[in-house]
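Engineer: Below are the sequence and a predicted model for it; my questions follow.
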Amino acid sequence: MPLSPSIESILGRLLALTVVGPVAYSQCMATPVIDWTIALNTAKKLVKPGPDISREGAAAVVAELRDCANRAEAYVTQVTGLETPSNTSPVLVVDRQRWIQANLDGFRQVLRPLTAKAADKLSGSNPAMTQIGSRVTGIEVGALLSYLATKVLGQFDPFYPGAEGEPGGRLLLVAPNIVSVERELEINPADFRLWVCLHEETHRVQFAAVPWLRDYMNAQINAIVSTTELDAAALLHMLGDAVARILEALRNNEEISVVDLVQTPAQRAIIDRITAVMSLLEGHADVVMDGVGPDVIPTVEQIRAKFTVRRQGQGFDKVIRKLLGLDAKMRQYRDGAEFCRHVISAVGMDGLNKVWTSPETLPSRAEIRHPAQWLARIHPEPAAA
């Protein structure tokens, strides 16, 4: 079970839906604009209700999550050594429907360049077909969000615009999902809530302490938009190639997702860069949330053991997660955490913090899987020793 869907995972899903899906409805049209109203209504209609809890119980959960988020910042700073400005991003404790609304708002912002590009391409298209494609895509996006809304425990949105003089971004904690998991796993609620907040607070600290990181991620997303094919023939060719790769991967029991439907060669290089930085961010957060130790979270080892099993999923849910790329998300946690632990063991936390110096010091996707390569590039003397 993910703590938060990665940026490239969600973006890939949306690109697949907005670029490839509507081709079946028109052989001459490119990407239609998403009907965001239909997306919202679909998601709210399909999303499952949260666990039973009294009004007083819900208020107590909200209050404790806010307190945990505030406490977590000091622990994250202590473990990582990253310095943040005093004015940090806001914390919002939300239910599933508010999480859906927040993510739709974010997607509209992130995908605005793509939808503008599509609108120009669609200027001479059949209006009726365009409207059909827009509605179908809205339903698809809504269905995707209704599924994810029951899985996500917390999420840091780095692209949310901040007020003047304040950093952008906001931290979302999905209260009903946190309560549902702690009941299912039969773990200490107070410990689990702080543990979840440590992960998400680490993301908030990462973006607050590294000012260029948000611009770097925006640049990668803009690069994906600029390389997106809006020609129907090119899309159909890409679709056929992706279907063949998906069938082969499923036969070989390999991880695959619908994000492969939208990856041109140029986009694959960009996705590799985004995957590398997201693996770093997620692995770093996993190391921090476990690094506070039993003095702060007495049952941290029990939580980690049970949560790791929970992440693996089972049955039909596991199939859906594989197709949506959430299994690849789990690999990000694992690979990123192993990278961070390997580097810390070699050069300490201060040595790991060299990754935050500039985009050039970020690990590549290959270096995430082989930390010795990053150490040889950034810390040649300790690596050689």
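Structural biologist: Sure thing, it's come through. What you are looking at is a predicted structure, and each value in this text was computed from that prediction instead of being measured. Residues are numbered from 1 along each chain as shown.
Engineer: low pLDDT regions in this protein?
Structural biologist: Scanning the chain for pLDDT under 70 picks out 1-33, 86-87, 113-133, 165-167, 227-264, 310-330, 332, 382-385.
Engineer: Now do the strands in it.
Structural biologist: Applying DSSP state E to the chain gives strands spanning 91-94, 154-157, 170-174.
Engineer: Highest mean neighbour count out of these?
Structural biologist: Most buried of the strands of the chain, by mean neighbour count (mean count of other CB atoms under 10 Å): strand 154-157, with a mean of 26. No exception for glycine: its C-beta is placed from N, CA and C like everyone else's.
Engineer: quick revisit: can I get the strands of the chain in JSON lines including distance to Ala305?
Structural biologist: Formatted as JSON lines, the strands of the chain follow (distance: least, CB to CB, whole Å):
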{"stretch": "strand 91-94", "distance to Ala305": "27"}
{"stretch": "strand 154-157", "distance to Ala305": "20"}
{"stretch": "strand 170-174", "distance to Ala305": "23"}
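Engineer: who wins for proximity to Thr137 among those strands?
Structural biologist: Closest to Thr137 of the strands of the chain is strand 154-157 (CB to CB; 21.8 Å).
Engineer: Output the closest one as CSV - backbone C-alpha positions only.
Structural biologist: Output in CSV follows, covering the C-alpha atoms of strand 154-157 (Å, rounded to 0.1, in the frame of the first residue of the first chain):
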residue,chain,number,x,y,z
GLY,A,154,-0.5,10.9,2.8
GLN,A,155,0.8,13.0,0.0
PHE,A,156,3.0,16.0,-0.4
ASP,A,157,1.9,18.1,-3.3
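Engineer: partner strands of that strand, parallel or antiparallel?
Structural biologist: strand 170-174 (antiparallel) (DSSP bridges).
Engineer: can you count the residues close to Gly168?
Structural biologist: Gly168: 15 surrounding residues under other CB atoms under 10 Å.
Engineer: burial count for the nearest residue to Ile187 once chain neighbours are set aside?
Structural biologist: Once flanking residues are discounted, Ile187 sits nearest to Ile303: 5.4 Å by CB to CB, 6 or more residues apart in numbering. By other CB under 10 Å, 22 other residues sit near Ile303.
Engineer: contacting residues for Ile303?
Structural biologist: Leu185, Ile187, Asn188, Asp191, Phe192, Trp195, Ile297 (CB atoms under 8 Å, 6 or more residues apart in numbering).
Engineer: now do 6 Å
Structural biologist: Ile303 makes contacts with Ile187, Phe192, Trp195, as judged by CB atoms under 6 Å, 6 or more residues apart in numbering.
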